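A.B. asks: sequence first, predicted coordinates after that:
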Amino acid sequence: MAPTRGEHAGVGPLPRLPQRAADTHKGTAGTVAVVGGSCVAGIRMIGAPVLSALAALRAGAGLVRLVMPRPILDAGLVQCIGATGIELPCGEDGLVEPHDAAAILDRVLDGCTCLALGPGFGTTPGAIAATLRAIQQDRKPVVLDADGLNALTLIPEFMQDFHAAAVLTPHPGEFRRLIAALGLKGDLGLAQSREGACAQLAQRLGRVIVLKGAGTVVSDGLRTWTCSAGHPCLATAGTGDVLTGLLAAVIAQYMMPTDQQLLRTKFPGLPADPAKPLDLFDAARVAVQAHGRAGEIWADQNSAESGLLALELTALVPRALEELRVPRDHSS
């Protein structure tokens with residue numbers, strides 16, 4: 001595996017994923033809940049949350065729950081038969097009821113290891129209520145993507161309510177909307193330095209930022225890493241949704257408990273649990289690297305620069321993650 005630019009920026013090499021224990025079962029391999037999809041004004045967004053759910057399963061999550069508006073949930077489950085479904089009640093207009101969305105999200109959080117919110121969700125009052133409830137809690141880590149980020153920008157002074165450990169995965173347009181919502185001037189120098197701009201936003205939010213694009217940047221405000229893996233074939237609809245599910249699955253399986261992360265911040269030499277060695281920053285790096293490598297593998301297999309379907313990308317996630325795993329004879 002080629003070295004990444006982050007190794008030359010003082011961050012260190014990518015951590016390796018541990019081998020699975022022989023007695024692993026679906027209940028111990030992490031549960032990912034994907035909240036998304038919409039069916040408003042005759043427009044249906046079903047594929048985005050489905051791709052995230054499929055990617056989470058391909059990345060090894062033991063259980064995946066699809067949380068979607070009631071009228072389209074069955075369509076989502078037909079496309080992701082390995083997931084279970086949770087309905088978001090809607091009015092006759094297809095709008096998710098804000099009060100119901102917040103209450104159901106509490107139940108979803110109780111039953112998952114990591115929450116992914118936003119793919120195809122829209123920015124209706126119901127979506128905004130669900131987003132607010134997701135960031136207000138501090139029990140479970142959250143991946144915010146797509147409309148989860150757009151809804152976040154519509155919550156006045158959202159930083160006052162932001163308590164969740166979270167990874168935000170904006171593309172440049174969403175990145176600029178976040179900056180504007182925070183009342184920051186300019187674009188943090190995004191056009192000149194993606195690394196510097198990403199680090200500034202991570203510092204301001206106190207969260208991990210994954211700035212997507214050619215050379216995806218990951219920063220927690222203290223550490224910044226740029227991925228050298230990837231391919232132009234990834235520039236197509238749905239590949240960001242795949243990253244969302246992949247990232248949530250890596251967090252669900254391998255992230256160390258929050259209290260251990262805090263201890264390791266104070267005492268960097270403290271050993272990590274071999275089965276859960278990652279903090280949010282490293283989980284994001286691993287997921288971004290695997291996502292980029294999956295694109296490279298597809299391009300190599302097909303000898304093509306374009307034409308990738310996001311569904312095909314999910315099938316390559318296991319191979320890409322395996323490249324990042326500790327070899328079996330060195331895993332003990």
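C.D. replies: On my side now, so go ahead. Numbers count the residues shown, from 1 in each chain.
A.B. asks: what's the first helix or strand after the helix or strand of the chain with the lowest mean pLDDT?
C.D. replies: Sorting the helices and strands of the chain by mean pLDDT, DSSP states H and E puts helix 258-266 at the bottom, at a mean of 60. Next in sequence after helix 258-266, counting helices and strands by DSSP states H and E, comes helix 280-302.
A.B. asks: contacts for the following helix or strand past that following helix, please.
C.D. replies: Per DSSP H and E, the first helix or strand lying C-terminal to helix 280-302 is helix 310-322. For helix 310-322, contacts defined as CB atoms under 8 Å, 6 or more residues apart in numbering pick out 17, 47, 51, 54-55, 58-60, 234, 236-239, 241-242, 245-246, 250, 286, 289-291, 293-295, 297-298. C-beta: built from backbone N, CA, C; applies to glycine.
A.B. asks: can you rerun that using 7 Å?
C.D. replies: For helix 310-322, contacts defined as CB atoms under 7 Å, 6 or more residues apart in numbering pick out 17, 51, 54-55, 58-59, 236-239, 241-242, 246, 290, 293-295, 297-298.
A.B. asks: all strands of the stretch 51-200 of the chain, in order?
C.D. replies: Using DSSP state E, counting those that start in this stretch, the strands assigned to the stretch 51-200 of the chain run over residues 63-69, 84-88, 114-117, 142-144, 166-168.
A.B. asks: turn those into JSON lines, including distance to residue 130 and mean pLDDT.
C.D. replies: JSON lines is the format used below for the strands of the stretch 51-200 of the chain (distance: least, CB to CB, whole Å; pLDDT from 0 to 100):
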{"stretch": "strand 63-69", "distance to residue 130": "9", "mean pLDDT": "98"}
{"stretch": "strand 84-88", "distance to residue 130": "8", "mean pLDDT": "98"}
{"stretch": "strand 114-117", "distance to residue 130": "7", "mean pLDDT": "98"}
{"stretch": "strand 142-144", "distance to residue 130": "11", "mean pLDDT": "98"}
{"stretch": "strand 166-168", "distance to residue 130": "14", "mean pLDDT": "98"}
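A.B. asks: now distance to residue 185 and mean neighbour count too, for those strands, in TSV please.
C.D. replies: Listed next are the strands of the stretch 51-200 of the chain as TSV, based on distance: least, CB to CB, whole Å; neighbours: other CB atoms under 10 Å:
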stretch	distance to residue 185	mean neighbour count
strand 63-69	37	27
strand 84-88	37	18
strand 114-117	28	31
strand 142-144	23	30
strand 166-168	20	25
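A.B. asks: who are the contact partners of residue 124?
C.D. replies: Contacts of residue 124 were listed using CB under 7 Å, 6+ apart, and they are 40, 95-96.
A.B. asks: against residue 18, how distant is residue 79?
C.D. replies: Taking CB to CB, to the nearest Å as the measure, residue 79 falls 31 Å from residue 18.
A.B. asks: correction: residue 221
C.D. replies: From residue 221 over to residue 18 (counting by CB to CB), the distance is 27 Å.
A.B. asks: so the most centrally placed residue in the chain is in which element?
C.D. replies: Computing the C-alpha centroid of the chain and ranking residues by CA atoms, centre = their mean puts residue 244 first, at 3.3 Å. Applying DSSP H and E as the criterion places residue 244 in helix 239-254.
A.B. asks: show me what that helix is packed against.
C.D. replies: In terms of contacts (3 or more CB pairs under 7 Å, 6 or more residues apart in numbering; DSSP states H and E), helix 239-254 is packed against strand 31-35, helix 47-58, strand 114-117, strand 142-144, helix 280-302, helix 310-322.
A.B. asks: how far away is the residue lying farthest from the centre of the chain from residue 124?
C.D. replies: Each residue of the chain has a distance to the centre, and by CA atoms, centre = their mean the biggest one is for residue 92: 31.1 Å. Distance, residue 92 to residue 124, by CB to CB: 14 Å.
A.B. asks: what does residue 301 give?
C.D. replies: Between residue 301 and residue 124 the computed distance is 40 Å (CB to CB).
A.B. asks: how many other residues sit next to the closest residue to residue 118 other than its chain neighbours?
C.D. replies: Once flanking residues are discounted, residue 118 sits nearest to residue 148: 2.6 Å by CB to CB, 6 or more residues apart in numbering. Other residues within reach of residue 148, judged by other CB atoms under 10 Å, total 29.
A.B. asks: pretty sure residue 148 contacts residue 121?
C.D. replies: Yes: the pair residue 148 and residue 121 qualifies as a contact (CB atoms under 7 Å) at a distance of 6.4 Å.
A.B. asks: can you give me every residue that contacts residue 296?
C.D. replies: Counting by CB under 7 Å, 6+ apart, residue 296 makes contact with 229-231.
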